[in-house]
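Colleague: need a 3D model of the sequence below.
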Amino acid sequence: MVTSAIDFGTTNSVAGINYNNKINMINLDKNKLETRSVLFYSFEDHDFYIGSDAFSEIKEGVNGRYLQSLKSFLGSEENVEITLGTQSYLIEDLIAIMLKRFKYKMETSIDSEIQNVVLGRPVRFNDFDKSLDKQAENRLKNAALKAGFKDIVFQYEPIAGALSYEEKVQKEEIILVVDIGGGTTDYSVIKVDKNNNKIDRSDDILSNHGVYVGGNSFDSSIIKKFISPQLGKGSLYKSVNVDTEVPSLFYHDLSQWHLFQKLINQKTILRLKELIPRSHNKEKLQRLLELIQDNLFFDFSNIIMNAKMDLSSNQTTTMDMNLFSDPFLLDLSRESFNKTIYNNIQEIDQALHETIKLANISFEQIDKVFLTGGSTLVPEVKALYEKYFSKDNIVHTDVFTSVGYGLTLFSKKVWS
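Modeller: Down below sits the predicted model:
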């Protein structure tokens with residue numbers, strides 16, 4: 001029997017199959033296992049493009065709409081609907097388009113139909129409302145059903161990370177799995193043993209916990225602190241002879257990758273056109289108008305994310321905002337970045353302590369710390385775990401594929 005798994009991530013996605021009792025990870029992008037979880041809808045041929053194909057369309061100047069961080073919508077109360085061309089799509093419809101492409105690539109690799117799938121999910125889609133968390137899972141399940149899957153099972157992403165690591169252990173260990181992706185930080189404390197063949201691992205799971213903080217939160221901090229003031233945040237305009245601050249709502253949506261889509265509408269554009277002549281900082285507000293009206297979101301988001309990644313290996317970086325008619329340069333140091341994400345790190349730290357407390361063990365009883373997810377590469381994040389655990393006990397695995405591999409292992413156990 002063929003079984004499959006998809007780690008649909010906020011930033012990246014991977015997929016794997018169990019075929020002839022062998023685990024195979026599938027290239028979802030050109031010669032790469034992982035693909036960016038992005039969509040591009042072309043207004044020219046009315047088709048959708050994913051990952052590097054989406055980037056190619058944008059670089060060729062195709063007129064269309066760029067969408068990213070769609071997973072972040074799942075835990076929201078609002079049932080977001082996006083109009084593309086003449087058709088409106090719910091978030092689950094757009095995710096279904098991506099999952100259907102992933103399904104096709106898995107089926108093509110073995111020339112066989114696949115009907116079942118294990119989907120990864122964060123420990124929490126929503127930090128504050130259990131009903132919204134369940135609704136988010138149902139939305140993701142509906143997306144998988146629309147993509148053509150018939151039998152769908154969920155597994156926590158950090159548990160999948162533990163299963164991936166379990167193959168390597170020589171004896172029973174208590175491990176802490178840390179999975180920090182684009183949207184969330186997820187923790188699991190679990191007993192692992194390569195000779196453990198149980199499908200139900202509930203007795204081995206000492207705790208699951210998470211918080212809605214991830215790489216997108218770090219990007220958001222950069223935008224709020226350094227970029228938004230250059231796009232008019234905090235500036236004033238004349239309103240009935242009284243100086244009034246430019247509405248802050250523009251910048252709230254600007255700083256959240258998934259919420260940026262809400263700014264792309266004629267009402268926002270007309271409002272900005274009305275404010276600019278009366279603004280004391282016309283050039284800065286004009287940049288915000290250009291960002292929305294000229295569909296510069298792809299270049300804008302790449303500059304922010306590349307700066308963050310650059311600071312993982314360098315002490316300073318420069319953000320070259322040459323996409324605007326009035327360009328500007330911003331130097332960013334790792335020290336300034338660390339100060340900016342301080343509150344995010346504190347939330348991750350607090351969630352760590354809560355996870356250990358829920359497991360009813362001490363930090364000293366953790367045999368290994370298993371780090372996965374792209375945001376664990378941020379130096380300030382790595383430093384957090386080195387504060388509590390020996391470097392020798394911290395295992396930094398493949399940040400993009402380990403969860404997907406663990407989900408595929410789990411699919412083999414579920415349908416064996």
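
Colleague: the nearest residue to residue 116 once chain neighbours are set aside: how many residues sit nearby?
Modeller: Spatial nearest neighbour of residue 116, chain neighbours left out: residue 151 (3.9 Å); criterion: Cβ to Cβ, 6 or more residues apart in numbering. Where C-beta positions appear, they are placed from N, C-alpha and C, glycine not excepted. For residue 151, the count of nearby residues is 12 (other Cβ atoms under 10 Å).

Colleague: residue 151 is in contact with residue 114, isn't it?
Modeller: No - the criterion here is Cβ atoms under 8 Å, and residue 151 misses it with residue 114 at 10.0 Å.

Colleague: who's residue 87 bridged to?
Modeller: Counting by DSSP bridges, residue 87 is bridged to residue 84.

Colleague: cool, residue 5 as well?
Modeller: residue 16, residue 118.

Colleague: now do the contacts for it.
Modeller: Applying Cβ atoms under 8 Å, 6 or more residues apart in numbering, we find residue 5 in contact with 15-17, 117-120, 160, 404, 407-408, 410-411.

Colleague: could you dump these to JSON lines with pLDDT?
Modeller: Formatted as JSON lines, the contacts of residue 5 follow (pLDDT from 0 to 100):
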{"residue": "15", "pLDDT": "98"}
{"residue": "16", "pLDDT": "97"}
{"residue": "17", "pLDDT": "97"}
{"residue": "117", "pLDDT": "98"}
{"residue": "118", "pLDDT": "98"}
{"residue": "119", "pLDDT": "98"}
{"residue": "120", "pLDDT": "96"}
{"residue": "160", "pLDDT": "92"}
{"residue": "404", "pLDDT": "95"}
{"residue": "407", "pLDDT": "96"}
{"residue": "408", "pLDDT": "96"}
{"residue": "410", "pLDDT": "93"}
{"residue": "411", "pLDDT": "95"}
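
Colleague: just these now: which is nearest residue 81?
Modeller: Closest approach between the contacts of residue 5 and residue 81, by Cβ to Cβ: residue 119, at 22.7 Å.

Colleague: contacting residues for that closest one?
Modeller: Counting by Cβ under 8 Å, 6+ apart, the residues that residue 119 touches are 5-6, 8, 140-141, 144, 152-155, 407.

Colleague: swap in 6 Å and give it another go.
Modeller: 6, 154 (Cβ atoms under 6 Å, 6 or more residues apart in numbering).

Colleague: elements contacting the biggest helix by length in the chain?
Modeller: If you go by DSSP state H, the chain has its longest helix at helix 91-110. Contact analysis of helix 91-110 by 3 or more Cβ pairs under 6 Å, 6 or more residues apart in numbering; DSSP states H and E lists strand 12-19, strand 22-26, strand 48-50, helix 130-146 as its packing neighbours.

Colleague: where do the strands of the stretch 301-416 of the chain begin and end?
Modeller: Using DSSP state E, counting those that start in this stretch, the strands of the stretch 301-416 of the chain run over 316-321, 328-333, 368-372, 394-396.

Colleague: can you say which of these is nearest to residue 99?
Modeller: strand 368-372 (21.5 Å).

Colleague: which stretches of the stretch 251-400 of the chain have low pLDDT?
Modeller: Applying pLDDT under 70 to the stretch 251-400 of the chain flags no residue at all.

Colleague: sorry, back to before: roughly how far apart are the residue nearest to residue 116 and residue 404?
Modeller: Using Cβ to Cβ, to the nearest Å, one gets 18 Å for the distance from residue 151 to residue 404.

Colleague: now residue 170
Modeller: Applying Cβ to Cβ, the value for residue 170 to residue 404 is 24 Å.

Colleague: what residues sit buried inside the helix or strand hosting residue 120?
Modeller: Using DSSP states H and E, residue 120 sits in strand 116-121. Neighbour-count burial for strand 116-121, with 16 or more other Cβ atoms under 10 Å as criterion, is recorded at 116-121.

Colleague: and what of stretch 196-204?
Modeller: Applying 16+ other Cβ under 10 Å to stretch 196-204 flags 201, 204 as buried.

Colleague: neighbouring contacts of it?
Modeller: Identification of contacts with stretch 196-204 by Cβ under 6 Å, 6+ apart yields 190-191, 413.

Colleague: report the mean confidence score over the longest helix of the chain.
Modeller: Mean per-residue pLDDT for helix 91-110: 97.

Colleague: for it, which positions count as buried?
Modeller: Those would be 91-92, 94-103, 105-107, for helix 91-110 by 16+ other Cβ under 10 Å.

Colleague: relative to strand 12-19, how tilted is it?
Modeller: 40 degrees (axes from the mean of the first three to the mean of the last three Cα atoms, to 10 degrees).

Colleague: just to revisit the earlier point, quick one: the contacts of residue 5 as a markdown table, columns for distance to residue 198 too.
Modeller: Shown next, in a markdown table, are the contacts of residue 5 (distance: Cβ to Cβ, whole Å):
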| residue | distance to residue 198 |
| --- | --- |
| 15 | 25 |
| 16 | 21 |
| 17 | 22 |
| 117 | 21 |
| 118 | 16 |
| 119 | 21 |
| 120 | 19 |
| 160 | 15 |
| 404 | 21 |
| 407 | 17 |
| 408 | 17 |
| 410 | 11 |
| 411 | 15 |
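
Colleague: which of those residues sits closest to residue 384?
Modeller: residue 160 (22.2 Å).

Colleague: for that closest one, give me its contacts.
Modeller: 120, 403, 406-407.

Colleague: with residue 237 instead?
Modeller: Here residue 237 is in contact with 275, 278-279 (Cβ under 6 Å, 6+ apart).

Colleague: redo that, cut-off 8 Å
Modeller: The neighbours of residue 237, taking Cβ under 8 Å, 6+ apart as the test, are 243-244, 246, 275, 278-280, 285.

Colleague: those residues in helices, which ones?
Modeller: Among these, the members falling in helices (DSSP H) are 275, 285.

Colleague: how about the contacts of residue 237 in a markdown table, adding distance to residue 396 and neighbour count?
Modeller: Formatted as a markdown table, the contacts of residue 237 follow (distance: Cβ to Cβ, whole Å; neighbours: other Cβ atoms under 10 Å):
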| residue | distance to residue 396 | neighbour count |
| --- | --- | --- |
| 243 | 51 | 11 |
| 244 | 50 | 12 |
| 246 | 43 | 23 |
| 275 | 47 | 22 |
| 278 | 52 | 14 |
| 279 | 47 | 18 |
| 280 | 49 | 13 |
| 285 | 43 | 24 |
